[in-house]
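Asks: show me how the following folds:
(one chain, ligands or ions: 1)
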Amino acid sequence: MRRIGLVIYLFLAIQAVSAEELRPVIFVHGLGGSGGQFESQALRFTSNGYPAEYIKVFEYDTITWGLVMETDLALSGLSSVLGINLTKLLDEKIINKILEEPREEVMAKVFGRLDRLIDETLAESGADKVDLVGHSMGTFLLMEYVKSSPERASKVAHLILLDGIWGVDAPEGIPTLAIFGNLKSLPALEFPEGREVHGATNVYFNNMTHVQLCTAAPTFAEMYKFINGVKPDTTDILHQSGEYVKVKGKFVAFATNAKVSGWLRVYPIDENGKRLRWFPVKIIRLWDGSFEMTLKKGQRYEFVLIKDFNYMVYHYYRAPFVRDDLWVRFLASTPPADVELLITPERLSPNAKNAVGLLLVRYKEMLGEYDVDIGGVDEVYVNGINICTAKICPISKAVNGLWVFDRFADGKSNLEKKVLRFSPLPFMSAADLFVPADGVVKLTVKSRSGGMESFTVPAWPASRHSVIVQFSDTI
Ligand code: MG
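Replies: Below you'll find the model as predicted:
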């Protein structure tokens, strides 16, 4: 009897929370965001025994939401800089068209979709309630949502607000956790110090930037503890046993999360980015951007996107998968937030065939400016040249997307000069670097957290090709 007791005790000690007690977690991203900012956290939840189906992401058009809700954001003290600078890309006609739709209708549509996701998730899991996590603009959305009706609030067990709304009361009856990062990394003006959500558990990570806070391991530990009352077994993303992993995800349009239709081809590649086979291992028709496949664990792949009605070839690279991953997001650029238009003049130049155009993405700001609270800078090397400088990647710019291209298609680099056309846009920056379209491009990140990650990719010419490399936010 004593032995059985010991066995049960050990079992409980190992399994901090049994699967039946877990509730589904639904993530809502911020401006310009997608489910991609929750990928690492989702993998940490499953590393701690959460079934993969329990982790969901809710995506919406952040341009429409940002424009329509702007008044509220401003009232809450969030500067319009956060919401509105993205729209400098947009034509005034498009903005006016978006604003024609009444605010109540925009909210009703978005909330209706969120209602459906929550109801489906509850039905599938059999859970009594869900836990909601919002980041940045997503925290404003969630606060509006839970306060919009008692029925909606009754389905929410915990509310978690990551580096977003403050100065408001936590919703009555819903335990709320608010975590705040370093203020300087929010690309907005006029932030008051001492942010808090009244009646919530407020936690401060002053050593973290805005998107880093959403994807980081310490944030996961806080979330897990708040939801489950105990510490997680691990904050690592554990390698799964077996040879294969299930990979599910979506190509999404930057900032609007609109569908991306086209074709996806997947090639296994070697350490130098060279295709191991002439023929792709997967060819998938993308109707709404979604894909699902089985891949080899630990193998490097190239994901090639051919969009419908577009002559460009997009080559995506990212770290190998180590466990089932149902939250993969590849960003594409489509109207109305077609950021790629900013580099189109160079792409159309006859010299474009001589240079490589890259977009480097990391959901942990690439920080080139030293800040005493954060205590370190990132170095991002392209063929041995560090482009993550204080000028290109200042803390206030919160650079999650770094464009590398030969400005003016003149065969010359100039890292001293800001690429002004990217200046109004939050979360992204650009470096004028001439990368010869010859051989390979070597990319290395030396992270401010101490880690290092490298990619070698073919030097595809910018005239027809775009290279998108996603660095890991865990490094
Ligand atoms: Mg140049």
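Asks: what residues does the stretch 301-450 of the chain have near the ion?
Replies: By the rule CB under 5 Å from the ion, the part of the stretch 301-450 of the chain lying against the ion is D406, R407, F408, D410, K412, D432. In this view, the C-beta of every residue, glycine as well, is placed from N, C-alpha and C.
Asks: grab the nearest non-local neighbour of the second one.
Replies: Using CB to CB, 6 or more residues apart in numbering and skipping residues adjacent in sequence, the residue nearest R407 is D432, 3.8 Å away.
Asks: now, the residues of the stretch 301-450 of the chain next to the ion that are in strands?
Replies: In strands, judged by DSSP state E, the following of those are found: D432.
Asks: got a PyMOL select line for the buried ones in the residues of the stretch 301-450 of the chain next to the ion?
Replies: Only the buried entries of these go into this PyMOL selection, using 16 or more other CB atoms under 10 Å:
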select buried, resi 406+407+432
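Asks: and which of the residues of the stretch 301-450 of the chain next to the ion is nearest Q37?
Replies: D432 (28.0 Å; CB to CB).
Asks: OK, contacts around the closest one?
Replies: D432 sits next to F405, D406, R407, F408, K412, S413, N414, L415, K417, V419 when contact means CB atoms under 8 Å, 6 or more residues apart in numbering.
Asks: now do it against G181, distance only.
Replies: Between D432 and G181 the computed distance is 30 Å (CB to CB, to the nearest Å).
Asks: and the chain, what are its domains?
Replies: According to automatic domain parsing, the chain comprises the domains 2-228, 241-337, 338-475.
Asks: look up phi and psi at the residue lying closest to K412 once chain neighbours are set aside.
Replies: Nearest residue to K412, sequence neighbours excluded (CB to CB, 6+ apart): F434, at 5.8 Å. As for F434, its main-chain torsions (degrees, to the nearest 10) stand at phi -80, psi 110.
Asks: F434 contacts L358, correct?
Replies: No: with contact defined as CB atoms under 8 Å, F434 does not reach L358; the gap is 11.9 Å.
Asks: all strands for the stretch 351-475 of the chain, in order.
Replies: Counting by DSSP state E, counting those that start in this stretch, the stretch 351-475 of the chain has strands at residues 358-361, 379-382, 385-386, 401-405, 428-432, 440-446, 452-458, 465-470.
Asks: can you name the residues in contact with the second one?
Replies: The reference is to strand 379-382. Everything outside strand 379-382 that qualifies as a contact, by CB under 8 Å, 6+ apart, is 358, 360, 366, 386-388, 393, 402, 404, 431, 433, 435, 441-446.
Asks: direction included, what does that strand pair up with?
Replies: strand 385-386 (antiparallel), strand 440-446 (antiparallel) (DSSP bridges).
Asks: ok, the fourth one next?
Replies: Strand pairing for strand 401-405, determined by DSSP bridges: strand 358-361 (antiparallel), strand 428-432 (parallel).
Asks: give me the distance from the shortest one to the chain's centre.
Replies: Using CA atoms, centre = their mean, to the nearest Å, the distance from the centre of strand 358-361 to the centre of the chain it belongs to is 13 Å.
Asks: report the buried residues of stretch 98-113.
Replies: Buried-residue list, stretch 98-113, by 16+ other CB under 10 Å: I98, V106, M107, V110, F111.
Asks: of these, which one scores lowest on pLDDT?
Replies: On pLDDT alone, I98 ranks lowest of the buried residues of stretch 98-113, at 80.
Asks: ok, now which ones touch V203?
Replies: Neighbouring residues of V203 by CB under 8 Å, 6+ apart: L177, A178, I179, F180, E222.
Asks: what's the helix or strand for the first one?
Replies: Counting by DSSP states H and E, the element that carries L177 is strand 176-180.
Asks: what helices or strands is that strand leaning on?
Replies: Applying 3 or more CB pairs under 8 Å, 6 or more residues apart in numbering; DSSP states H and E, we find strand 176-180 packed against strand 156-162, strand 201-204, helix 217-228.
Asks: do a quick rundown of the helices in the stretch 201-350 of the chain.
Replies: 210-215, 217-228, 344-347 (DSSP state H, counting those that start in this stretch).
Asks: can you give me the strands in the stretch 151-300 of the chain?
Replies: Secondary structure of the stretch 151-300 of the chain, counting by DSSP E, counting those that start in this stretch: strands at 156-162, 176-180, 201-204, 244-253, 262-268, 282-286, 290-296.
Asks: next SSE after the lowest-mean-pLDDT helix or strand in the chain?
Replies: Least confident helix or strand, the chain: helix 80-84 with a mean of 45, by mean pLDDT, DSSP states H and E. Following helix 80-84 in sequence order, the next helix or strand is helix 92-100 (DSSP H and E).
Asks: show residues contacting that following helix.
Replies: I63, T64, L67, V68, T87, P336.
Asks: may I have stretch 62-70 exported as PDB, CA atoms only?
Replies: In PDB, the C-alpha atoms belonging to stretch 62-70 read as follows (Å, rounded to 0.1, in the frame of the first residue of the first chain):
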ATOM      1  CA  THR A  62      -4.800  44.700 -37.600                       C
ATOM      2  CA  ILE A  63      -5.000  47.600 -40.100                       C
ATOM      3  CA  THR A  64      -8.800  47.700 -40.000                       C
ATOM      4  CA  TRP A  65      -8.900  47.100 -36.300                       C
ATOM      5  CA  GLY A  66      -6.100  49.700 -35.600                       C
ATOM      6  CA  LEU A  67      -7.900  52.300 -37.800                       C
ATOM      7  CA  VAL A  68     -11.300  51.800 -36.400                       C
ATOM      8  CA  MET A  69     -10.300  51.500 -32.800                       C
ATOM      9  CA  GLU A  70      -7.800  54.400 -32.900                       C
END
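Asks: could you number the chain from 627 rather than 1 from now on?
Replies: Sure, I'll start counting at 627 from here, so that last one is stretch 688-696.
Asks: now do that stretch: distance to the chain's middle.
Replies: 18 Å.
Asks: averaged over its residues, what pLDDT does that stretch have?
Replies: 81.
Asks: and the angle for the helix ranked longest in the chain with strand 782-788?
Replies: Secondary structure of the chain per DSSP state H: the longest helix is helix 729-751. Relative orientation of helix 729-751 and strand 782-788, computed by axes from the mean of the first three to the mean of the last three CA atoms, to 10 degrees: 120 degrees.
Asks: output the below-cut-off pLDDT ranges for the protein.
Replies: Residues of the chain that meet the criterion pLDDT under 70 lie in 627-642, 645-646, 696-716, 813-819.
Asks: in it, which residue is most central in space?
Replies: The residue lying closest to the centre of the chain (CA atoms, centre = their mean) is Q663, at 2.9 Å.
Asks: let me see the contact set for that residue.
Replies: In this structure, Q663 makes contact with F653, H655, G656, H761, V837, C840, T841, Y989, judged by CB under 8 Å, 6+ apart.
Asks: what is the burial count for E679?
Replies: E679 has 12 neighbours, counted by other CB atoms under 10 Å.
Asks: got the buried residues for stretch 904-922?
Replies: Applying a neighbour-count criterion of 16+ other CB under 10 Å, one finds P906, V907, K908, I910, L912, G915, F917, M919, L921 buried in stretch 904-922.
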